[in-house]
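A.B. asks: What shape does this take:
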Amino acid sequence: FVLNADLSAFQPSEWTVAGIDAKLNDIYEDLEANVTKIYKRRDLHLFFDLAFYSVLYAQFQGKLTKGWIDCLCIGDAGQGKSEASSRLIGHYRAGSRIDTKRASVAGLLGGISEADKRRWIRWGAIPLNDRRLAVLEEVKGMAPEALATLTDMRSSGIAEITKIESARTNARTRLIWLSNPRSDRKLCTYNYGVDAVRELIGTPEDIRRFDMVIAVASGDVGYDILNQTEEQRTSCPHYYTSELSSHLLMWAWSRNENQIKILPEAEHEILAAATRMSETFSSACPIVEPSDQRLKILRLAIAIACRTFSTEDGINVIVRRCHVETIERYLNKIYASNALGYLAFSQAQMNEGKLQQIDVVTAALRELPNAGSTIQAMVETEAITAQLIVDCTEWLKDRASEFLGLLVRNQALKSLRRGGYRKTAAFIELLKQMDRTALPNETLRMKESKGEL
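C.D. replies: Purely as a prediction, here's the structure:
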């Protein structure tokens, strides 16, 4: 690739968060009006762009690090996911769409073909798009087990088939996953939008591979905006043409790891932002995972540096502190949205580490009939039920239910869909501590005779 166009139009007026915001708003006002026709979804436009403008590799902390982005957009039907991504593919003149609803694992990864007693490897759509971008549509049509077969390829960038014939090839493909919730429910019917992500993807290790996740829900954009006529919409000159945008994209895609320059203050900010986000968001749904959040922020910061043509010589990409700050603010915004609810989910998960009225809970446990045996049984069982408490304490069921209610109100137990309750992390720790002490094992009759009940 040879840079032979003036791309300074993509640069902000100043290298600050406010400057980058102003430039992105200018770009997306143009794209909304003249390309995608999807209005008031600028977070979604930036989401797609961060995947498009990501690089293959970068040097970070003395190591060669993956740079291409793998991201998920989940949402209700009719929110512009597919249309915006398709129109951007045409505008940027790069990328391809893959309908995964009818795709097999062999169609995505690869498999062995046989004819006339001869076998050969036929690679799937993802390896065939190595160094490019693929939009995976209708992901809910794939079984979670099928998704799990792609785990290693997504992280390593290597597609491998190990059967009668074995082969390996590169699969460094930028991936944008698009899907409705697997159950066809609206996002607003889930306690948290991340529950729809967990239902769709399945295992935590597959969720963790996503560099970012966004949710778009029905009602995010008002009906008055959706139903405007073309005359009512504000017209916008088309400065960021397909030719210029395609040239910028090819410039980003042609940068190698030695051409990515991360300023020292940007590196410091990447680590600080990763720490802040790890403290804010729970890894129970590992969209933010403390062990690799710094690398996710790194990839996204490089992508937005490329999107804003951050260079001084037209060769090297300069990742500045303002790029990292912009990414951190953007991720916090989409994760705190009502549609995804990742922040609210994280706060609820972190509450599991804290018992309410711990003295009251401890006293109630000590006063149980057969306290030693009952606590030991609660430590050893996965699901706590009223019948378990009845069997251990000899209480009537009403009294056992009152005791469980006390534990639920104090964040010791959470209800299970299949019935019964699971113990929170803080309650498990308390039970283990009490199980190691010598607790009295007085029966119900003994306590009644002493007037304790």
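A.B. asks: Every contact and neighbour count from this point should use C-alpha atoms.
C.D. replies: Will do.
A.B. asks: who's in contact with Gly75?
C.D. replies: 179-181, 186-187, 215-217 (C-alpha atoms under 8 Å, 6 or more residues apart in numbering).
A.B. asks: Could I get these in CSV, plus columns for neighbour count and secondary structure?
C.D. replies: Below are these laid out as CSV (neighbours: other C-alpha atoms under 10 Å; DSSP: H, G, I helix; E, B strand; the rest coil):
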residue, neighbour count, secondary structure
Ser179, 24, strand
Asn180, 27, coil
Pro181, 25, coil
Lys186, 17, coil
Leu187, 25, helix
Ala215, 26, strand
Val216, 27, strand
Ala217, 21, coil
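A.B. asks: tell me which of those residues is nearest to Gln59?
C.D. replies: Comparing these against Gln59 with C-alpha to C-alpha places Ala215 closest, at 30.9 Å.
A.B. asks: That closest one against Ile74, yeah?
C.D. replies: Yes - with contact defined as C-alpha atoms under 8 Å, Ala215 reaches Ile74; the gap is 4.9 Å.
A.B. asks: Could you list the low-pLDDT ranges of the stretch 351-453 of the chain?
C.D. replies: 447, 451-453 (pLDDT under 70).
A.B. asks: what are the ranges of the strands in it?
C.D. replies: Taking DSSP state E, counting those that start in this stretch as the criterion, the stretch 351-453 of the chain contains strands spanning 413-415, 421-423.
A.B. asks: The last one - contacts with which helices or strands?
C.D. replies: Packed against strand 421-423 by the contact rule (3 or more C-alpha pairs under 8 Å, 6 or more residues apart in numbering; DSSP states H and E) you find strand 413-415.
A.B. asks: How about residues contacting the strand it packs on?
C.D. replies: Strand 413-415 is touched from outside by 404, 407-408, 421-424, 427, with contacts defined as C-alpha under 8 Å, 6+ apart.
A.B. asks: Which PyMOL command selects the buried ones in these?
C.D. replies: Entered in PyMOL, the line below selects the buried ones among the contacts of strand 413-415, by 16 or more other C-alpha atoms under 10 Å:
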select buried, resi 404+407+408+421+422+423+424+427
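A.B. asks: possible to save the contacts of strand 413-415 as a markdown table with distance to Glu231?
C.D. replies: Output for the contacts of strand 413-415, formatted as a markdown table (distance: C-alpha to C-alpha, whole Å):
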| residue | distance to Glu231 |
| --- | --- |
| Leu404 | 62 |
| Leu407 | 60 |
| Val408 | 57 |
| Tyr421 | 58 |
| Arg422 | 57 |
| Lys423 | 59 |
| Thr424 | 56 |
| Phe427 | 61 |
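A.B. asks: For Glu380, state which of the contacts of strand 413-415 is nearest.
C.D. replies: Distances from Glu380 to these, taken as C-alpha to C-alpha, are shortest for Lys423 (11.0 Å).
A.B. asks: coming back round to it: make JSON lines from the strands of the stretch 351-453 of the chain and add distance to Arg119 to it.
C.D. replies: JSON lines is the format used below for those (distance: least, C-alpha to C-alpha, whole Å):
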{"stretch": "strand 413-415", "distance to Arg119": "53"}
{"stretch": "strand 421-423", "distance to Arg119": "51"}
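A.B. asks: Need the phi and psi values for Ala305.
C.D. replies: Dihedral angles of Ala305 (phi, psi; degrees, to the nearest 10) stand at phi -70, psi -40.
A.B. asks: do the same with the one 5 residues further on
C.D. replies: The phi/psi pair for Ser310 (degrees, to the nearest 10) reads phi -80, psi 90.
A.B. asks: Would you check how far apart it and Cys322 are?
C.D. replies: Distance, Ser310 to Cys322, using C-alpha to C-alpha, to the nearest Å: 11 Å.
A.B. asks: More neighbours: those two, which one.
C.D. replies: Taking neighbours as other C-alpha atoms under 10 Å, Ser310 and Cys322 compare with Ser310 leading, 23 against 20.
A.B. asks: Now do the contacts for that one.
C.D. replies: Ser310 neighbours (C-alpha under 8 Å, 6+ apart): 11, 317-319.
A.B. asks: Could you rerun that using 6 Å?
C.D. replies: Counting by C-alpha atoms under 6 Å, 6 or more residues apart in numbering, Ser310 touches 317-318.
A.B. asks: For it, give me the pLDDT.
C.D. replies: Reading off the confidence values, Ser310 has pLDDT 98.
A.B. asks: ditto for the one 5 residues further on
C.D. replies: Note on Ile315: pLDDT of 96.
A.B. asks: What of Ser166?
C.D. replies: If you check Ser166, the pLDDT there is 80.
A.B. asks: give me the element the nearest residue to it once chain neighbours are set aside is part of.
C.D. replies: Nearest residue to Ser166, sequence neighbours excluded (C-alpha to C-alpha, 6 or more residues apart in numbering): Glu160, at 7.4 Å. Counting by DSSP states H and E, the element that carries Glu160 is strand 158-162.
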